[in-house]
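Attaching a predicted model along with its sequence, questions to come.
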Amino acid sequence: MFDRLFGKRAAGAVRGGPLAGLSVPASAGMLSCRVLDPVHEPVRQAEFVLSDAAGRKVIAGETDPYGTALATVPAGEYRLAVTAEGYTPHHGRAVVTEGGHTGLDDVLLQIAPQPQLPEPGDWEIDPTHSQIGFTARHIGLARIHGRFNGFAGAVRIGDRMERSAMHVVIDAASIDTGVQMRDDHLRSGDFLDVGAYPTLEFFSERFTHKGGSRWAVTGALTLHGVSRTVTLDTQYLGLGSGLEGETRCACRATTELHREDFTLTWQTLLARGIAAVGSSISIDLDVQIVPKSGRG
């Protein structure tokens, strides 16, 4: 009845193969493949993206624990991109037919070459090419984006990367969300209390390789007079050269903070009628470091 009322075609079933009997819209079909590593073991949580002929993303997802990617999409021609941490990206094409199941050949990913690590020694953060940003919720609704404009940091690269250490100092008063009244409030005793706690500090001596270009950097973050253990999920981007030929290396890192861990209690602020920033804050860092002997 609904099909007659709205002029829709009834859903059909995939014809043939292990997916036979699964219903899909009449104008669509199923696409599946397995993603394997060089020894033909499944790659779980590999990301796949199907794009149309114009390059517009149609669907994206991750492979299951058995390395399988499965999607139902409108019939047509597609570009397939498969990526996974530590592997070279794969690109291919596929044609999906109406009511059919397109089973692609196994996607065999190759190990990607690892980026060269920085030389042992003393390095420092280049603040002109780095950023410490954050994202929070405003009264549980819109997002607030901000950053700290003042910071400095030193990194000692060990003879093995796992033996490295870093120390970062952030000027609490340099918080910047683009709204003066809000920034003044965040600097006040209700939040950062910059008069009593002028800096935020992070110190780490624990660098753990997570595979590929991924590292976990774990250390103590001191904020609002309280220290808590924090782990930065870090992607190492490799070495490069600046405009004047100086060596530099770069990374991206993320973590999530909870204000209650640093005595910035949600309940107290609500009781005082202050509900400006949500309890969870996402931190995003883009960092470049240069040898301490000089910076371009």
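Structure received.

Spatially central, which residue of the chain would that be?
The centroid of the chain falls nearest to Thr254 when counting by C-alpha atoms, centre = their mean (6.6 Å).

any idea of the mean pLDDT in the strand or helix carrying that residue?
Using DSSP states H and E, Thr254 maps to strand 247-258. Throughout strand 247-258, pLDDT has a mean value of 92.

Just the C-alpha atoms of it, please, in PDB.
The C-alpha coordinates for strand 247-258 follow below in PDB (Å, rounded to 0.1, in the frame of the first residue of the first chain):
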ATOM      1  CA  THR A 247      65.500  20.600   9.900                       C
ATOM      2  CA  ARG A 248      62.100  20.200  11.600                       C
ATOM      3  CA  CYS A 249      59.600  17.500  12.300                       C
ATOM      4  CA  ALA A 250      55.900  17.500  12.900                       C
ATOM      5  CA  CYS A 251      53.100  15.600  14.600                       C
ATOM      6  CA  ARG A 252      49.400  15.900  15.400                       C
ATOM      7  CA  ALA A 253      48.000  14.800  18.800                       C
ATOM      8  CA  THR A 254      44.600  14.600  20.500                       C
ATOM      9  CA  THR A 255      43.200  13.900  23.900                       C
ATOM     10  CA  GLU A 256      40.100  14.600  26.000                       C
ATOM     11  CA  LEU A 257      40.000  16.300  29.300                       C
ATOM     12  CA  HIS A 258      37.200  16.300  31.900                       C
END
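
List the buried residues of it.
By 16 or more other C-beta atoms under 10 Å, the buried positions in strand 247-258 come out as Thr247, Arg248, Cys249, Ala250, Cys251, Ala253, Thr255, Leu257. The way it works is simple: take the backbone N, C-alpha and C, and place the C-beta from them, glycine included.

before we move on, what about stretch 75-92?
Within stretch 75-92, the residues that qualify as buried are Ala75, Gly76, Tyr78, Arg79, Leu80, Val82, Thr83, Ala84, Tyr87, His90, counting by 16+ other C-beta under 10 Å.

Show me how the record splits the protein into domains.
For the chain, the structural domains run 2-108, 121-291, going by automatic domain parsing.

Quick one: closest of those to Gln114.
domain 121-291 (7.1 Å; C-beta to C-beta).

measure the closest one end to end?
Domain 121-291 has an end-to-end distance of 8 Å (C-alpha to C-alpha, to the nearest Å).

is it true that Leu104 touches Ser32?
Yes. In this structure Leu104 lies within contact range of Ser32 using C-beta atoms under 8 Å: 7.1 Å.

can you list residues touching both of those two?
Here Leu104 and Ser32 have no joint contacts, going by C-beta atoms under 8 Å, 6 or more residues apart in numbering.

ok, those two, which is more surrounded?
Between Leu104 and Ser32, Ser32 has the larger neighbour count (other C-beta atoms under 10 Å), namely 17 against 14.

for the buried residues of strand 247-258, which one is nearest Asp193?
Relative to Asp193, the closest of the buried residues of strand 247-258 is Leu257; by C-beta to C-beta it sits at 16.0 Å.

Settle this for me: the closest one is touching Thr231, isn't it.
No. Counting by C-beta under 8 Å, Leu257 sits too far from Thr231 to count as a contact (11.3 Å).

Might you report the residue contacts of the residue nearest to Val43 when sequence neighbours are not counted?
Of all residues not flanking Val43 in the chain, Val35 sits nearest, at 4.6 Å (C-beta to C-beta, 6 or more residues apart in numbering). Taking C-beta under 8 Å, 6+ apart, we find Val35 in contact with 42-43, 46, 48, 63, 67-69, 82, 84, 90, 106-107, 109.

I'd like to know which of those residues are buried.
By neighbour count, with 16+ other C-beta under 10 Å, the contacts of Val35 hold Pro42, Val43, Ala46, Phe48, Thr63, Gly67, Ala69, Val82, Ala84, His90, Val107, Leu109 as buried.

give me the element the fourth one is part of.
Under the criterion DSSP H and E, the helix or strand holding Phe48 is strand 47-51.

Point out the other helices and strands that the helix or strand following that strand packs with.
Downstream of strand 47-51, the first helix or strand assigned by DSSP H and E is strand 57-62. Strand 57-62 sits against strand 47-51, strand 68-74, with contacts defined as 3 or more C-beta pairs under 8 Å, 6 or more residues apart in numbering; DSSP states H and E.
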